[in-house]
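Engineer: Can you look at this prediction? I've put the sequence above it.
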Amino acid sequence: MLTKTTTLNSYQAALGIKKRLTAPMRACASWAMLEEHDKILDMACGDGALLSNLNDKMRLTLCGLCEQPQQARAVREMLDDADVISGRVDDIPWRDDSFDIVLLPTGVKGEVARRAIEEAFRVLHQGGQFVMASSHVQMNESGLSRRELMRVMQETGFTAVSCRKNLMCGALVGFKPRKEKAE
């Protein structure tokens, strides 16, 4: 079924018009410590705007997770080289230690937030970075405060966990520790 949104998105894609990033997406893009050829996972890639924006900036291996299969199909068509599949943030279908950076540019609630953080930790390489961004309002509505989300990240194993704020959006950033070498 065609909707106004579907028609507008098709029209914009045909004209090559880039979709605008939301404040949480901009927070993820600005706090992610990207390097050429990093493998990135957008845990909630939606229409692919964040992946498209990152793709324009440097050579990256892009992966995305969409809740709806038709969304995943549309993003794959827009970004030929991206590996975008349908799935849930609390059950990521990639192997352990697969990504350099994992981004979560949308708010998630309660137990789903806990599982999403655990899944992000699982799929990150050692030394990998997790950036979880959300508007201030969404963070408060999630059922978990920023402090509680930071605690969950630390309990999961993330180190150097911090909260980065600006006027429109906050971001929680953490790193999966590197294993120390035995002497």
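Structural biologist: Ah, there it is.
Engineer: make it CA atoms for all contacts and neighbour counts henceforth
Structural biologist: Will do.
Engineer: Can you tell me the SS state at the most centrally placed residue in the chain?
Structural biologist: Residue closest to the mean C-alpha point of the chain, counted by CA atoms, centre = their mean, is residue 103 at 2.4 Å. The three-state label given to residue 103 by DSSP: H, G, I helix; E, B strand; the rest coil is strand.
Engineer: can you check the one 3 residues further on too?
Structural biologist: Three-state assignment for residue 106 (three-state DSSP): coil.
Engineer: Now for the chain, the helix or strand with the poorest mean pLDDT.
Structural biologist: helix 4-15 (a mean of 44; mean pLDDT, DSSP states H and E).
Engineer: following it, which helix or strand shows up next?
Structural biologist: helix 23-31 (DSSP states H and E).
Engineer: Partner strands of the helix or strand following that following helix and their direction?
Structural biologist: The helix or strand immediately downstream of helix 23-31 is strand 39-42, counting by DSSP H and E. Sheet pairing for strand 39-42, assigned by DSSP bridges, gives strand 61-66 (parallel), strand 99-104 (parallel).
Engineer: Could you export strand 39-42 as PDB, CA atoms only?
Structural biologist: What follows is strand 39-42, C-alpha atoms only, in PDB (Å, rounded to 0.1, in the frame of the first residue of the first chain):
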ATOM      1  CA  LYS A  39      32.700  -1.900  10.600                       C
ATOM      2  CA  ILE A  40      29.600   0.000  11.900                       C
ATOM      3  CA  LEU A  41      26.300  -1.300  13.200                       C
ATOM      4  CA  ASP A  42      23.300   1.000  13.400                       C
END
